[in-house]
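**Student:** Sequence first, then the predicted structure:
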Amino acid sequence: MGFPGTWMTESESMVYRVVPKCACSTIGQIMFYSDHGNYFDGDVHDATGGLHKWALEESHDPISRAVKEHSSFAFTCVRNPYTRILSSFFDKICGIQRNGKRYRGKLVPLLIQKYGIEVGGDDGKEEFDQVQSFRRFLLFARDTIRWRRPMEPDIHWSAMSGHISTFIVNGGRYDHIFFTETFKDGMQKVLDSVETRYPVKLDEVPRFNESEGHGPKRAHPVEAYFDDISMHLVYEIYKRDFDLFKYDFENPGNKLPVGEIDLDEVHAKLGD
């Protein structure tokens, strides 16, 4: 199986297990800059050079070697499950993607038909009941994860622990897992732990957000989208994420973690 979703600098200074919707665009650009002294021109997800990626055949050997020998600093980044699934809804379901089309072609029409979701019209700009539609999307996300119907779960809303575990199961070990919510502190620890060809000053890194402007703006605070039933669904889907990455299930309005991540616990519980 190898190391799907893994990126590494060409200098092999650091290895990153991508978790969708967790600052992956920014992290990829910082890695790119640390080797080349400039950012990738465009969305770093589209880069086919300048970074090793497991999706590129020629990167398999260097990534496998670096991970198995633990010769590169290995890290990943996590995010509050409530804000992550909400972001997925506004970006991937309501938003128009970079190519000018809807995400995954027939996915949105299927959701409109089977789950009664509204997405703000053809361009995502019309008014609609965001709370009602999001809660219906949550049912769909649960169905894909629990029963793999009406389709396989999508990487943008499948559990973070599932992404993170593949790296461990296939022989990798993380040196650091940090929170999107305290991004600068977490990323600084990575940069302090490696030698880079070009120094990265996090205060000067622009905001890279591939989903920005794709869809309608969120009209309400996070907690308004989650009633008792939707909180129960979120817990059903993301129980392991809340437990391992120390987020507050009881209060959707608290995006900050309530404890420190225990790396030994993560490796023990996700290494099965």
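**Tutor:** Thanks, I have the structure now. All of these numbers come straight from a predicted model, not from anything done at the bench. Numbering: from 1, shown residues only.
**Student:** drop to CA atoms for contacts and neighbour counts, all remaining ones
**Tutor:** Will do.
**Student:** Any buried residues in the helix or strand of the chain with the lowest mean pLDDT, and which?
**Tutor:** Lowest on mean pLDDT, DSSP states H and E among the helices and strands of the chain sits helix 107-115, with a mean of 92. When burial is assessed from 16 or more other C-alpha atoms under 10 Å, helix 107-115 yields the following buried residues: 108-109, 111, 115.
**Student:** Assign a three-state SS to residue 86, would you?
**Tutor:** Following DSSP: H, G, I helix; E, B strand; the rest coil, the label given to residue 86 is helix.
**Student:** what residues are up against it?
**Tutor:** 134, 222 (C-alpha atoms under 8 Å, 6 or more residues apart in numbering).
**Student:** which strands and helices sit next to the one helix or strand residue 241 maps to?
**Tutor:** Using DSSP states H and E, residue 241 maps to helix 228-245. If you count contacts as 3 or more C-alpha pairs under 8 Å, 6 or more residues apart in numbering; DSSP states H and E, helix 228-245 packs onto helix 81-88, helix 130-147, helix 160-169.
**Student:** what sits up against the second one?
**Tutor:** Spelled out, it's helix 130-147. 86, 89, 111, 115-119, 149-154, 157-158, 218-219, 224-226, 230, 233-234, 236-237.
**Student:** low-confidence ranges in this protein?
**Tutor:** Residues of the chain meeting the criterion pLDDT under 70: 210-214.
**Student:** quick one: the strands in it?
**Tutor:** 6-9, 14-17, 51-53, 73-78, 176-179 (DSSP state E).
**Student:** what residues does the third one touch?
**Tutor:** This points to strand 51-53. Residues outside strand 51-53 that contact it (C-alpha under 8 Å, 6+ apart): 5-10, 31-32, 59-60, 62-63.
**Student:** of the residues you listed, closest to residue 103?
**Tutor:** Nearest to residue 103 out of these is residue 5 (C-alpha to C-alpha; 19.4 Å).
**Student:** mind checking how far the nearest residue to the closest one once chain neighbours are set aside is from residue 148?
**Tutor:** Closest residue to residue 5 apart from its sequence neighbours, by C-alpha to C-alpha, 6 or more residues apart in numbering: residue 18 at 5.3 Å. Distance, residue 18 to residue 148, using C-alpha to C-alpha, to the nearest Å: 22 Å.
**Student:** do residue 259 as well
**Tutor:** Residue 259 is 32 Å from residue 148, by C-alpha to C-alpha.
**Student:** Then residue 47?
**Tutor:** 31 Å.
**Student:** Same check on residue 235?
**Tutor:** Residue 235 is 18 Å from residue 148, by C-alpha to C-alpha.
**Student:** So these two - more neighbours on which side?
**Tutor:** Counted by other C-alpha atoms under 10 Å, residue 235 and residue 148 do not tie: residue 235 has more neighbours, with 17 against 14.
**Student:** re earlier: buried among the contacts of strand 51-53? Make that a ChimeraX selection.
**Tutor:** Those of the contacts of strand 51-53 that count as buried under 16+ other C-alpha under 10 Å are selected in ChimeraX with:
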select :5,6,7,8,9,10,31,32,59,60,63
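**Student:** Closest to residue 180 out of the contacts of strand 51-53?
**Tutor:** residue 31 (16.1 Å).
**Student:** ok, for residue 251, nearest residue in space, not its chain neighbours?
**Tutor:** Among residues not flanking residue 251 along the chain, residue 223 sits closest, at 7.6 Å (C-alpha to C-alpha, 6+ apart).
**Student:** Was I right to think the one you found contacts residue 253?
**Tutor:** Yes. Assessed by C-alpha atoms under 8 Å, residue 223 is found in contact with residue 253 at 4.9 Å.
**Student:** tally of neighbours for residue 258?
**Tutor:** Residues near residue 258, counting by other C-alpha under 10 Å: 13.
**Student:** and it, what does it touch?
**Tutor:** 246-248.
**Student:** One more: residue 24?
**Tutor:** Here residue 24 is in contact with residue 18 (criterion: C-alpha under 8 Å, 6+ apart).
**Student:** Tell me the spacing between it and residue 7.
**Tutor:** Counting by C-alpha to C-alpha - residue 24 and residue 7 are separated by 10 Å.
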